[in-house]
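Q: need a 3D model of the following:
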Amino acid sequence: MLLPCLLTLAAVLVAPLPVAGGGGGGDKAEEKAEDKPPKKKKTMEELLEAPLPWEVPRAGEVGCTDEEILVLRDLRQRNRVLARRSNALDERQAALQELEKSVAEELARLEALRGEILSLLNGQRSALKQRVAKLARMVDQMKAKDAAELLAGIDDGVALQVLQKIKPKQAGKVLGAMPAEKAQYLADKLAELPKIDKSKLNEGAK
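A: Purely as a prediction, here's the structure:
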């Protein structure tokens, strides 16, 4: 009598965890239930004499002792708990993978946007550099008064780059033709920049 119980116990121990999700047999079970004739109601005496639900041996428990039945049922309960935990872990893993995918896609989008911005900035720098070079050539050939009016009306940063590129003597003349406050501001900023011969600036301003 012990062999069937041992086989059942072994089956419970080695059985894979059940996978969450319903099967397709619900409708068939309902059809079978409808085919069965209604059960006859038991008398009170029969109900009192009938074994309690937990006393009725289940599949695989016939021939087992009470202690073995308790062990089997405990193992089955633990197996169900492990199955629920396994399903919960699978769901978390799937959610994490989806989150990682979303983060990777967002990082790729931001990296592409960064590349576009850098490309645009490089294009703007190149265009500004060409504009400054063109202005510098013009200012170098202009009269100091006309050049002063031109540079006084443009962005100070661009004006400084132009003054840095033209000949120091011409830059001094242009500054000398500007209003004193504007000329002093640009001269102070130019003094902070490299590659400026201050003596020639002063010479041109005389």
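Q: please make it C-alpha for all contacts and neighbour counts, starting now.
A: OK.
Q: distance of Arg109 relative to Gln97?
A: 18 Å (CA to CA, to the nearest Å).
Q: which strand or helix spans Leu160?
A: Using DSSP states H and E, Leu160 sits in helix 156-165.
Q: what comes up buried for the helix or strand just after that helix?
A: Along the chain past helix 156-165, the next helix or strand (assigned with DSSP H and E) turns out to be helix 168-176. For helix 168-176, the buried set under the neighbour-count rule, 16 or more other CA atoms under 10 Å, comprises 168-176.
Q: now stretch 115-134
A: 132-133.
Q: what mean pLDDT would you report for that stretch?
A: What stretch 115-134 shows for mean pLDDT is 92.
Q: can you show me the helices along the protein?
A: With DSSP state H, the ranges of helices along the chain come out as 2-14, 26-35, 44-49, 66-141, 144-152, 156-165, 168-176, 180-192, 198-205.
Q: pick the most deeply packed of those.
A: Compared across the helices of the chain, helix 168-176 shows the largest average neighbour count, a mean of 24 (mean count of other CA atoms under 10 Å).
Q: counting by contacts, list what it packs against.
A: Applying 3 or more CA pairs under 8 Å, 6 or more residues apart in numbering; DSSP states H and E, we find helix 168-176 packed against helix 144-152, helix 180-192, helix 198-205.
Q: pull out the C-alpha coordinates of that helix and format them as PDB.
A: Extracted as PDB, the C-alpha positions of helix 168-176 are listed here (Å, rounded to 0.1, in the frame of the first residue of the first chain):
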ATOM      1  CA  PRO A 168      46.000  96.100 -35.600                       C
ATOM      2  CA  LYS A 169      46.700  99.600 -37.000                       C
ATOM      3  CA  GLN A 170      43.400  99.700 -38.900                       C
ATOM      4  CA  ALA A 171      41.600  98.300 -35.800                       C
ATOM      5  CA  GLY A 172      43.000 101.200 -33.800                       C
ATOM      6  CA  LYS A 173      41.800 103.700 -36.400                       C
ATOM      7  CA  VAL A 174      38.300 102.200 -36.400                       C
ATOM      8  CA  LEU A 175      38.100 102.300 -32.600                       C
ATOM      9  CA  GLY A 176      39.300 105.900 -32.600                       C
END
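Q: give me the angle between it and helix 156-165.
A: In terms of direction (axes from the mean of the first three to the mean of the last three CA atoms, to 10 degrees), helix 168-176 departs from helix 156-165 by 140 degrees.
Q: re the thing from before, residues contacting the helix holding Leu160, please?
A: 132-133, 135-136, 139, 151-152, 171, 186, 189-190, 195-196 (CA atoms under 8 Å, 6 or more residues apart in numbering).
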